[in-house]
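Student: Pasting the sequence and the predicted coordinates here, then a few questions.
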Amino acid sequence: MGTDLDTFAIAAYVRIDDFLKDRPDLAQPRPTTGITPKLSDAELLTLAIIQAMLGFRSEHHFIRYAHTHLLDMFPNMCGQSGYNKRLRKAATQLAVLTRLFATETDLWTDDTWVIDSTPVECGRSRDTAKRSELAGVAGYGYCASHTRYFWGVRLHLVCTPAGLPVTFAITHPKTDERETFRAMLEAEPGLLANRPGQTLIADKGYASREFDAFLHDQGTRLIRPTFKREPARPGAEYIRPFRQLIESVNDTLKGQLDLERHGGRTPTGLCTRITQRLLALTAAIWHNNTTNHRPRHLTSYDH
C-alpha cells in the first residue's frame, strides 16, 4: 500500500464509513423536511482530514481546490457554506474518530506517555481580545518554552513516544495543568485503569505532592524534573529526550498542520479546527502504522 494522499484518503474513508455504519448514533441529525445532503458524513470527515493535510486554513480556498482537484473521489462535493456548517456540527465525530484510529495502531498499548500543554494563539490585538466571541474561552497566558505572552487557549496533549495522541483537552491558558490532567482522567477512568505500571513523563509544571499521590494511587509512575529541595528522582535521564519528542509533536501540529493558524472565531469553530488537526495527525499515524512507515511521516500526504 502506498503513502500518497489518494491512497491515504481512500483508506481513511473506507474505515470511517465502516465505523459510522456500525455507530448510527454518531450520525449528524437531519431535519424532518428539506433536502438530504448528497455528501455523506464519511466523505465530509475524510475531506476534513485532507484539508488539514494540505494546509488549507481557509475553507473557502479548500472547497475551491476540491471542486477542481477532488471531484473524482468526491463527486457530490458541497459548497463552502454547507461544508462549514456541517463540519462545525461534527465535533463529536472528529473526537471519536481520533480515538478510533489511535486504538487501531500497535502504538496504543505503549506503556509510556508524554504529557505537555502548548499555546494555541487566537489573536494579537487588544481589540480582538475585547470583541472576539472567544473571550472567556480564550485569555492571556504565558508560554515559558518560547518566553512570550499570548492570547488564546492551551492544548493539553497526552501522547505516546511515537507521537500518537492518546487524549487531549482545550482550556483557558491560566487553567492549572495538573487539574486539567486529573479532569481528563476522571472523564475517562478506563484510560489508566487498564494500564497498570504506566509511566508518565512531564515537565516541572506537573510537580506537586498531591499530583504525585494521585498518580501513585492510579498505579502510574511520574518522571519529572527534580527540584532543589527534593531528593533525586529516578528517570531524570529520560526527561531531556522526551521533552524534545513532545516539542517535535507540537511542531508537527503547528508547522505541518497549521495549528496556530486555525482561523477559528467562535468556541465551536476553534474546538472543531483543533480536533480536525489532531484527527489528521492520528489518521496519518494509523495509515503509516499499517504500511510500515515512520509514524509521523506526513510529507507524502501534504501535496
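Tutor: Ah, there it is. Numbering: from 1, shown residues only.
Student: elements contacting the helix or strand hosting residue 280?
Tutor: Using DSSP states H and E, residue 280 maps to helix 267-290. If you count contacts as 3 or more CB pairs under 8 Å, 6 or more residues apart in numbering; DSSP states H and E, helix 267-290 packs onto helix 5-22, helix 41-54, helix 80-88, helix 91-103, strand 112-123, strand 148-159, strand 165-171. C-beta: built from backbone N, CA, C; applies to glycine.
Student: want to throw those into TSV with mean neighbour count, distance to residue 272 and mean pLDDT?
Tutor: What follows is the helices and strands packed on helix 267-290, written out as TSV (neighbours: other CB atoms under 10 Å; distance: least, CB to CB, whole Å; pLDDT from 0 to 100):
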stretch	mean neighbour count	distance to residue 272	mean pLDDT
helix 5-22	17	16	94
helix 41-54	23	9	95
helix 80-88	16	6	91
helix 91-103	19	5	96
strand 112-123	22	13	91
strand 148-159	21	13	92
strand 165-171	19	11	95
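Student: low-confidence ranges in the stretch 101-250 of the chain?
Tutor: Judged by pLDDT under 70, the stretch 101-250 of the chain has no weakly predicted residues.
Student: What are the boundaries of the strands in it?
Tutor: With DSSP state E, counting those that start in this stretch as the criterion, the stretch 101-250 of the chain has strands at 112-123, 139-143, 148-159, 165-171, 199-201, 221-223.
Student: Give me the sheet partners of the fourth one and which way each runs.
Tutor: Think strand 165-171. Each strand paired with strand 165-171, and its direction, by DSSP bridges: strand 148-159 (antiparallel).
Student: quick one: the partner strand to chain centroid distance?
Tutor: On the basis of CA atoms, centre = their mean, to the nearest Å, strand 148-159 sits 12 Å off its chain's mean C-alpha point.
Student: any idea of the angle that strand forms with strand 112-123?
Tutor: 150 degrees (axes from the mean of the first three to the mean of the last three CA atoms, to 10 degrees).
Student: Return the alpha-carbon coordinates of strand 148-159 using CSV.
Tutor: In CSV, the C-alpha atoms belonging to strand 148-159 read as follows (Å, rounded to 0.1, in the frame of the first residue of the first chain):
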residue,chain,number,x,y,z
ARG,A,148,6.3,35.1,25.3
TYR,A,149,2.8,36.1,26.3
PHE,A,150,-0.2,35.1,24.1
TRP,A,151,-3.9,35.5,23.8
GLY,A,152,-5.6,32.2,23.1
VAL,A,153,-6.1,28.8,24.7
ARG,A,154,-3.9,25.9,25.7
LEU,A,155,-4.0,22.4,24.1
HIS,A,156,-3.2,19.7,26.7
LEU,A,157,-1.9,16.7,24.9
VAL,A,158,-1.1,13.2,26.1
CYS,A,159,0.7,11.1,23.5
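Student: Tell me if I'm right that residue 286 and residue 104 touch.
Tutor: Yes - using CB atoms under 8 Å, residue 286 is in contact with residue 104, at 6.0 Å.
Student: between the two, which one's more packed in?
Tutor: Neighbour totals were compared for residue 286 and residue 104, and residue 286 leads with 25 against 15 (other CB atoms under 10 Å).
Student: Skipping its backbone neighbours, what lies nearest that one in space?
Tutor: Distances taken as CB to CB, 6 or more residues apart in numbering place residue 101 nearest to residue 286, at 4.0 Å, with adjacent residues excluded.
Student: This completes my enquiry, with thanks.
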